[in-house]
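In: Build me a model:
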Amino acid sequence: MKKFRKVLDGLTTSSPGVTMGSPSCGSAAGTPTAAPTPKEIDVQETLVSENFQLCKTVRHGFPYQPTALAFDPVQKILAVGSRSGGVRILGRPGVDCYCQHESGAAVLQLQFLINEGALVTACADDTLHLWNLRQRRPAILHSLKFNRERITFCHLPFQSKWLYVGTERGNTHIVNIESFILSGYVIMWNKAIELSTKTHPGPVVHLSDSPKDEGKLLIGFESGTIVQWDLRAKKADFRIYYDEAIHSVSWHHEGKQFMCSHSDGSLTLWNLRNTTKPFQVTFPHGKIQKDGRKESCKPILKVEYKTSRNSEPFVIFSGGLSYDKAGRRPTLTIMHGKAITVLEMDYPIVEFMVLCETPYNNEVQEPYAVVVLLEKDLIVVDLTQSNFPVFENPYPMDIHESPVTCTAYFADCPPDIIPILYSIGAKHKKTGYSQKEWPISGGTWTLGSHTYPEIIITGHADGSIKFWDASAITLQMLYKLKTSKVFEKPKPGEGRAAELVEEDPFAIQMVSWCPQSRIFCIVGISAHIILYRFSKYDANTQIVSLEVRLQCEPEDVISPSENENNPCFSELGSHSPQTHHQHPASPGSRTPEGNKDSVPCLKVKDRVVRVPPGYQSELVIQLLWVDGEPPQQITSLDINSAYGLLAFGNCNGLAIVDYLQKTVLLCMSTLDLYGATDPYQRLTRSPRRNRQSTSGLTELTDNQQSVDMERSKSPTSDHVNGHCTSPTSQPCSAGKPRIPMGPEGPRLTRRGPGRPPFRKAQSAACMEISLPVSHTEESRENSFSRSRSSSVSSIDRDTKEAITTLQFGESYGRKSDALPTPCLWVGTSLGVVLLIPMSIPTDQEERMEEPVTIGPSGGVLMLKGSVLRFGFLDCMGAVIQSPYEVWRDLNAPEDLERPRRRKLVHFSPSSSQDACGEGHLAVVCSERQAKVFLMPSQSCLFVHNITESSFVLRADVVSVCNSVCLACFCANGHVMTLSLPSLRPLMDVNYLPLTDMRIARTFCFTNGGQALYLSSPTEIQRITYSQEMCDNLQEMLGELFTPIETPEAQNRGFLKGFFGGNAHNFDREELFGEAAAGKASRSLAQHIPGQGGVEGMKVAASGVVGDLARARVALDERGQRLGELEERTALMMTSAEVFSKHAHELMLKCKDKKWYQF
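Out: Numbering: from 1, shown residues only. As a prediction, this is how the structure comes out:
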């Protein structure tokens, strides 16, 4: 625990570990000012570095780019491998584990050690891995790297410790699962085929042991060759040569027949009695044409042949459709007797697997479901019903139903909000699912004690919003909102929307949600904002629309003469105040197509619409086209239910809307907000063409500030931090191209800003950053590490500031204020913070009638880099929450005895500050640094330069361990935490070395030491930076392995056992062990011991229970050894007595005999 005491008498002293700035950084015009009266700030900071540790918690969503599938029929858990080397293991809801191969190589195949709590993965780098699943976080026990051959297929017989591995050369190797060492027993391809064969059979595509005899191995080669190899005799029983390439093989459970799928869309059935030709050849989807020929069909990639006691066998396969129809969807075909059912899929089929009642391959299989892994979905089909319905998927596999464009994370939500959202969302659930329980039900999971209500909100490219219950590290969809229903459907090729964004005009860019008041607001890509209120009742409503003209006038065009091939910076022409226009619900008449003026991008429905219970639209705000220029996208938003106000800004200026009275209160350019307090003293009219680059700057008192403010406008800030982020990552400017006349000349190249080419709205999963490229530097791979522009003239050229962040709150708008008043904190892309005080009527009737007055801009604070976040603390260091209105249902029936009135909850900065007087602390974080100011004096108490080589992408003031800190995520992948208010570094972890645009756009912090980001286009990764949560994570995760007795094999009967071969007499150890087969070549494969072996077992057996279990096992082993010793001693005594008896009898017999009688 550390105490910080600072006496503010106009000077600040430096403290260890904290870089202090002078008070001038908080002054309005850059001149030092002293606080009115000396005050003592006494804040006890409890957070230390030991409170922080960064680790991943859980991953939600569909595995991105899946490649492989496996199922344990006894444990009933499913594994999915991906192209990036990830493995997702799924069981019952709550049992969801993610593993990652360090190599990142694609997973080719997965094999469970059935009911053993282990998994074998074969990767594209020709390495086999053995994973231990008997711990909550699986770890690799062994790895085996093949050096000279490529792995193509693996097969592990049930209850066997020998893994068959087929290779690209056509050879079959055998690996001991326990030691992960190659056996000396190898089936070479040239031994498997006949010597007379002149061609190579191709890679091994199938391996399986015969259900009739485990000593017979069926090997399928890609060319169409099939060999049954006798493992004991080391020779081939039979060889089949077929003209068509083989994709898969499946046995009948009796071991007398097997079925193959081929590249020509055919299925062949082979009988072991006669292998010269197939017993049956069928083209399930091949029709006979008029000329008598079979039409060509696509390959059947996989077939499974499963038997049932009470019905005909099932033949299930993927592919095989005819080529005649273009654009046909992928299909799964189920042949059951004479009935053929074709199931069309939304995405291509990657793999499927039939789930059967028994793990034994020589018993009647009794299939009950089929798991189908698609490129972007996972479905399970119920085979026990004739119409083959699908099971309702309990996992959140549809996060990417429409590409995710933004995320928001809320911890410690009001406890009643989740049940309400779930009850509303449950009314719109799909029907027609199978009534049976989800068949993937393995593992165990219990609701831990460290849980609290959490909600994740995702915005999507189609304009939909999804609310997810994220409590207790699970994820369940609560409610879905479609924002596109507010607008008329745009006709193809017509209207502004068609010109702006062809496919996704409703894509969500930003969301703002107040859980207490249940006010919800979204920002769309077509420069629109929609405000929603929550109601439990349906209603007929007329959507109110406001249209705002927030566009600057373009200046005269100056054509480049000497640098025609170098497009340069754009310049803001006129900074005169912009007028706003308020329109009715929808514009009655549109301007002619050639004019393109005062027209919104989308058309709001102008009729009364019936809205269901849930979130209901109350107000739509749209920015207008001006003089043929499309509106710039909205870059910042804040809403406050207690004030009834909504503020938003873009790279042109700021607008404040009173959503209670449905009026626009303020709409002006950023420069006009300053008035006479502009720290750069820029001209309010078009600047002179031949001005000097430094003439627009005044000398700042803070020396460090004057140097760093030149670089405050980063070339990446517009793209990364949401400042005017168009779908194509356009810089935000509204002027025409102009040549900068500074001494450095044209240094950076930017696309002309006149009309941003709004094309398809890209999702957060696929947006790419486009950076200006310096003529003196080569383009680098990691775009986020680009250094900033250090030109002094960059400020002069970028006089057009974007509004980057907004925050309503009770504060002091001016230094002379004695009491806190409603204020709007405004942060810009030039690192400037503006305070706008407001006067809001307090009485409910007056609030609906009297106008809200907005005062002139108060204080001006400055930082390096674009401003990202505001936070407010009282003088004791506790967070001051924004005031809010308690939720009330406006559509509920009127109660005359209890009329509905607005109930406001305020958190005044002076409410808990009897000891330290009035005032509060303001935390401001920018791309480069964080500062803590004392209000109302605006004195800078603490300053910390967060990064010099990179810049901050996301920052937030969050609560951790009953205290608060500032959490930051940098573009170079570092996650940092700083203490408050002293800004001491507490944690700095290089979490993601190379950050991409998707992570940058979706990363967000929340309370409780948690954060999330979109790790792939289909998956959400949640992390924690709290040591307490890391310690409790083992308790929160589910158990993958549960002790279950392996089902006993059926009695085969005397005749079947007698005539069915000697399958049970097969000893693999005798054949494949080192004593019989010898050692394999060391150069063929390299054994790599896993790091998670001993450590993983220690983790699994940690704690008192593990100690007791180990002690019990040790006692059992000791007792067993003592028993064995006692038995051996008794045997020795018995044999000694027998020997003594025989010796005595022999002596008596020979006692009286002479020597010659022997």
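
In: Where do the strands of the stretch 751-900 of the chain begin and end?
Out: 803-811, 821-828, 832-839, 853-854, 860-862, 867-873, 884-885 (DSSP state E, counting those that start in this stretch).

In: what would the ones you listed look like in CSV with mean pLDDT, distance to residue 961 and mean neighbour count?
Out: (Each C-beta comes from the backbone N, C-alpha and C, glycine too.) Output for the strands of the stretch 751-900 of the chain, formatted as CSV (pLDDT from 0 to 100; distance: least, C-beta to C-beta, whole Å; neighbours: other C-beta atoms under 10 Å):
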stretch, mean pLDDT, distance to residue 961, mean neighbour count
strand 803-811, 94, 25, 25
strand 821-828, 94, 27, 24
strand 832-839, 93, 29, 22
strand 853-854, 90, 39, 14
strand 860-862, 89, 29, 24
strand 867-873, 95, 16, 24
strand 884-885, 90, 25, 20
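
In: Distance to residue 401 for these - can I get that in a markdown table?
Out: Below are the strands of the stretch 751-900 of the chain laid out as a markdown table (distance: least, C-beta to C-beta, whole Å):
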| stretch | distance to residue 401 |
| --- | --- |
| strand 803-811 | 30 |
| strand 821-828 | 34 |
| strand 832-839 | 39 |
| strand 853-854 | 42 |
| strand 860-862 | 43 |
| strand 867-873 | 30 |
| strand 884-885 | 32 |
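
In: Figure out which of the ones you listed is closest to residue 427.
Out: strand 884-885 (26.6 Å; C-beta to C-beta).

In: partners of the helix or strand that comes right after the closest one in the sheet?
Out: Tracing the chain past strand 884-885, the next element assigned as helix or strand by DSSP states H and E is strand 904-905. With DSSP bridges as the test, strand 904-905 is paired with strand 884-885 (antiparallel).

In: before we move on, back to that, minimum distance to residue 432: which of the strands of the stretch 751-900 of the chain has it?
Out: Closest to residue 432 of the strands of the stretch 751-900 of the chain is strand 884-885 (C-beta to C-beta; 41.3 Å).

In: Figure out how far the closest one is from the centre of its chain.
Out: Strand 884-885 has its C-alpha centroid displaced from the chain centroid by 32 Å (C-alpha atoms, centre = their mean, to the nearest Å).

In: what sits up against that strand?
Out: With contact meaning C-beta atoms under 8 Å, 6 or more residues apart in numbering, strand 884-885 is reached by 514, 516, 517, 519, 640, 641, 642, 644, 902, 903, 904, 905.

In: Contact partners for the closest residue to the fourth one other than its chain neighbours?
Out: In this case it means residue 519. Once flanking residues are discounted, residue 519 sits nearest to residue 641: 4.7 Å by C-beta to C-beta, 6 or more residues apart in numbering. Residue 641 sits next to 514, 516, 517, 519, 884, 885 when contact means C-beta under 8 Å, 6+ apart.

In: ok, so of those residues, who is nearest residue 506?
Out: Nearest member of the contacts of residue 641 to residue 506, counting by C-beta to C-beta, is residue 519, at 20.3 Å.

In: so that closest one sits right up against residue 533, yeah?
Out: Yes - between residue 519 and residue 533 a contact is recorded at 6.4 Å, counting by C-beta atoms under 8 Å.

In: can you count the residues close to residue 338?
Out: Per other C-beta atoms under 10 Å, the neighbour tally for residue 338 reads 6.

In: circling back: separation between the residue nearest to residue 519 and residue 656?
Out: 15 Å (C-beta to C-beta, to the nearest Å).

In: More neighbours: which of residue 519 and residue 533?
Out: More crowded of residue 519 and residue 533, by other C-beta under 10 Å: residue 519, with 24 against 20.

In: That one pairs with what?
Out: Beta-bridge partners, per DSSP bridges, of residue 519: residue 514.

In: give me the low-pLDDT residue ranges for the stretch 301-450 of the chain?
Out: 326, 448-450 (pLDDT under 70).

In: which one of the strands of the stretch 751-900 of the chain lies closest to residue 452?
Out: Across the strands of the stretch 751-900 of the chain, closest to residue 452 is strand 884-885 (C-beta to C-beta), at 19.4 Å.

In: between residue 519 and residue 533, what contacts are shared?
Out: With C-beta under 8 Å, 6+ apart, residue 519 and residue 533 have no common neighbours.
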